[in-house]
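Q: Build me a model:
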Amino acid sequence: MINNLSLDRFEQILKHYWGYSLFRSIQRDIIESVYNGNDTLALMPTGGGKSITFQVPALAMEGICIVVTPLIALMKDQVENLKKRGVRATAIYSGLSKHEIDVELDNCAYGEVKFLYVSPERLTTQLFRERLRKMKVNMVAIDESHCISQWGYDFRPSYLKIVELREILPKEVPFLALTATATPDVVDDIQQKLGFRNGKVFKMSFARDNLVYLVRNVEDKTKHLLKIVNSIPGTGVVYVRSRDKTKEIALMLRKEGISADFYHAGLTMEIRNAKQADWQANKTRIIVATNAFGMGIDKPEVRFVVHIDLPDSPEAYFQEAGRAGRDQKLAYAILLFNDSDASKIDQRLEANFPPIEDIKRTY
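A: As a prediction, the model looks like this:
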């Protein structure tokens, strides 16, 4: 029972379910905007507390919140976190049987489920749309909303169908779009593609005072990695570009008596989930991974993220480095490079952006 009269409704919910007394930065502005029925776009850095901005207003309103996300790992993670707090939540994702999906959608339409997590692809199915008409939806939250824009760094055509929900839902149901990075073009594009009406845009400062960014020019990267691991206590992530390298570095760390494992997209989903679960539960201290690891993983106490290889772009680096220090305590983002990396970057640019003559000839 929420009964702390010295706090307002949103603060009571925050205190009751999350144990915090105060909102961070622009969280409250976003919550008030959505609660008042405004279509809202929130730009918040990785670790900025995006989920609070839709979970709090949805709990303050009657009905169910539809959360659209492309990440099954995030769905499962957030559903588990909400259940631990005594909030009814569910997710529909590939792998569930038709009967299981049927039961979950019934619970959303006729039960007391507060949050339904779905992929953008799921929104287009006839079964989902039929059941959606029977749900009392209080808001739609769209995570990773940069995916809707052809100018975004991870365009997914299925996101273009989200706007069709407006034809099914009452017109007063607000949309909240969330993203960690978006250029001005992407900000405009998101609002247009989601059919915003007099939308509001909020942008959080991307400065992370608790996160120390370090760049080190070193010839022997593995030797320097060992130095980092032995001098910074706590959990870490090490990013590399090749699958073989994930295994090689994890084995090297193990030989040095450090609890480590490797992760990449070539492993089965079952093995990936097991490795991730061990890391989340601190059974594994360090995970060595390609960029397949990390999206949607909410582990607050990561003390360091080390990049042994340069990522694809500044946006990708910012996303991956931002997985450190989400608990607001001191953490380190360390980039290791040497002279050979510069030539690799040049080669990558040539491969990704061939001369126009080559494109015309191929076409």
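Q: give me the low-pLDDT residue ranges for the stretch 101-250 of the chain?
A: Residues of the stretch 101-250 of the chain meeting the criterion pLDDT under 70: 152-153.
Q: Kindly recompute the last result at 90.
A: 110-112, 121-122, 124-125, 144, 146-147, 149-158, 180-186, 198, 204-209 (pLDDT under 90).
Q: And the strands in it, which stretches?
A: Secondary structure of the stretch 101-250 of the chain, counting by DSSP state E, counting those that start in this stretch: strands at 115-118, 137-142, 175-179, 200-203, 211-217, 235-239.
Q: contacting residues around the first one?
A: Right, the one you point to is strand 115-118. Contact with strand 115-118 is made by 55, 58, 64-69, 74-75, 78-79, 82, 87-93, 104, 108, 128, 135, as judged by C-beta atoms under 8 Å, 6 or more residues apart in numbering. Where you see a C-beta, it was placed from the backbone N, CA and C, and this is true even at glycine.
Q: Please write out the alpha-carbon positions of that strand in CSV.
A: The C-alpha coordinates for strand 115-118 follow below in CSV (Å, rounded to 0.1, in the frame of the first residue of the first chain):
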residue,chain,number,x,y,z
PHE,A,115,3.2,-4.1,-18.7
LEU,A,116,3.2,-6.1,-22.0
TYR,A,117,6.6,-6.2,-23.7
VAL,A,118,6.5,-7.0,-27.5
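Q: Distance from it to the middle of the chain?
A: How far strand 115-118 lies from its chain's middle: 15 Å, per C-alpha atoms, centre = their mean, to the nearest Å.
Q: Report the strands that pair with it, each with its relative direction.
A: Strand 115-118 has its sheet partners listed here by DSSP bridges as strand 64-68 (parallel), strand 89-92 (parallel).
Q: And the contacts of the shortest one?
A: Which is strand 89-92. With contact meaning C-beta under 8 Å, 6+ apart, strand 89-92 is reached by 72, 75-76, 78-79, 82-83, 101, 104-105, 107-108, 113-119, 122, 128.
Q: same question for that strand, mean pLDDT?
A: The average pLDDT for strand 89-92 rounds to 94.
Q: for the first one, same thing?
A: Throughout strand 64-68, pLDDT has a mean value of 96.
Q: wait, isn't G266 in contact with R243?
A: Yes - applying C-beta atoms under 8 Å, one finds G266 in contact with R243, separated by 5.2 Å.
Q: higher neighbour count, those two?
A: Neighbour count, other C-beta atoms under 10 Å: between G266 and R243, R243 has more, with 17 against 12.
Q: if I look at that one, how far off is L127?
A: 37 Å (C-beta to C-beta, to the nearest Å).
Q: swap in M44?
A: For M44 relative to L127 (C-beta to C-beta), the value is 33 Å.
Q: Counting neighbours, go ahead and name the busier of those two.
A: M44 (24 against 13).
Q: quick one, phi/psi of the residue lying closest to the more buried one once chain neighbours are set aside?
A: Spatial nearest neighbour of M44, chain neighbours left out: M204 (4.5 Å); criterion: C-beta to C-beta, 6 or more residues apart in numbering. Main-chain torsions, M204, degrees, to the nearest 10: phi -90, psi 150.
Q: how many other residues sit next to M204?
A: Per other C-beta under 10 Å, the neighbour tally for M204 reads 20.
Q: Hmm, V113 and N107 touching each other?
A: Yes - assessed by C-beta under 8 Å, N107 is found in contact with V113 at 5.2 Å.
Q: Between those two, which is the more surrounded one?
A: Set N107 next to V113 and count neighbours by other C-beta under 10 Å: V113 wins out with 20 against 15.
Q: so the more buried one sits right up against R88, yeah?
A: Yes - between V113 and R88 a contact is recorded at 4.8 Å, counting by C-beta under 8 Å.
Q: name the element L349 belongs to?
A: Assigned by DSSP states H and E, L349 belongs to helix 339-352.
Q: Please compute how far that helix lies from its chain's middle.
A: 28 Å.
Q: again with stretch 180-191
A: Per C-alpha atoms, centre = their mean, the centroid offset for stretch 180-191 relative to its chain is 17 Å.
Q: How about it, which residues are buried there?
A: Across stretch 180-191, burial judged by 16 or more other C-beta atoms under 10 Å covers A180, T181, A182, V186, V187, D188, D189, I190, Q191.
Q: Could I get the full set of helices for the stretch 201-350 of the chain?
A: With DSSP state H, counting those that start in this stretch as the criterion, the stretch 201-350 of the chain has helices at 221-231, 243-255, 269-280, 314-321, 339-352.
Q: Reformat those helices into CSV and put distance to G199 next to each item.
A: Below are the helices of the stretch 201-350 of the chain laid out as CSV (distance: least, C-beta to C-beta, whole Å):
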stretch, distance to G199
helix 221-231, 43
helix 243-255, 41
helix 269-280, 35
helix 314-321, 23
helix 339-352, 33
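Q: Out of these, flag the one nearest V163.
A: Closest approach to V163 among the helices of the stretch 201-350 of the chain is made by helix 314-321 (24.5 Å; C-beta to C-beta).
Q: quick one: contacts for R272?
A: By C-beta under 8 Å, 6+ apart, the neighbours of R272 are Y263.
Q: Need the pLDDT of it.
A: pLDDT, R272: 90.
Q: what do you get for the one 3 residues further on?
A: We note a pLDDT of 93 for K275 in this prediction.
Q: Please report how far it lies from A73.
A: Distance from K275 to A73, counting by C-beta to C-beta: 12 Å.
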